[in-house]
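**Student:** Here is my input; please provide its structure:
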Amino acid sequence: MAARAAALPSLGSHPLGAESAPCADLGLLTPLKQSPEYRRVRPRIADVGPADAWQDGGLHYFVFALTPEPSPGGPAVALFVMEPSEPVPVAALVITPGADPTRPRVVDARNPERPLTVRL
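**Tutor:** As a prediction, this is how the structure comes out:
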């Protein structure tokens, strides 16, 4: 997965995921894929397997590459954050790089009509 993560957009100077971080619990993919947040984004997901997965601070992060849409900064990704004790993601974001790499467009899959522009 680390090799595939190199092609993903970056958040600041760190790629999504971390080469030295432990892999996320792939068993959490079952409840993730049954969640309303995943089902909402699923039509755009390019591959059913995550492009990257890691854990940090008790949270498990899963990145999925999305089908290409016109974007000046490159391909978008979906980032889902799972906590083992929760049946649904604690966060579900669609991140689209902008022309300015420090200002990606971030959409909360729970509230997609309110996109955010985040400065990194």
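
**Student:** what's the closest non-adjacent residue to the residue positioned nearest the centre of the chain?
**Tutor:** The residue lying closest to the centre of the chain (CA atoms, centre = their mean) is residue 79, at 1.5 Å. In this structure, residue 79 finds its nearest non-sequential neighbour in residue 93, 4.7 Å apart by CB to CB, 6 or more residues apart in numbering. Every C-beta, even on glycine, is put in place using the N, C-alpha and C of the backbone.

**Student:** Kindly state the pLDDT recorded for the one you found?
**Tutor:** Residue 93 is assigned a predicted lDDT (pLDDT) of 94.

**Student:** Check which residues of the helix or strand it falls within are buried.
**Tutor:** Under the criterion of DSSP states H and E, residue 93 resides in strand 91-96. For strand 91-96, a neighbour-count test (16 or more other CB atoms under 10 Å) marks 92, 93, 94, 95, 96 as buried.
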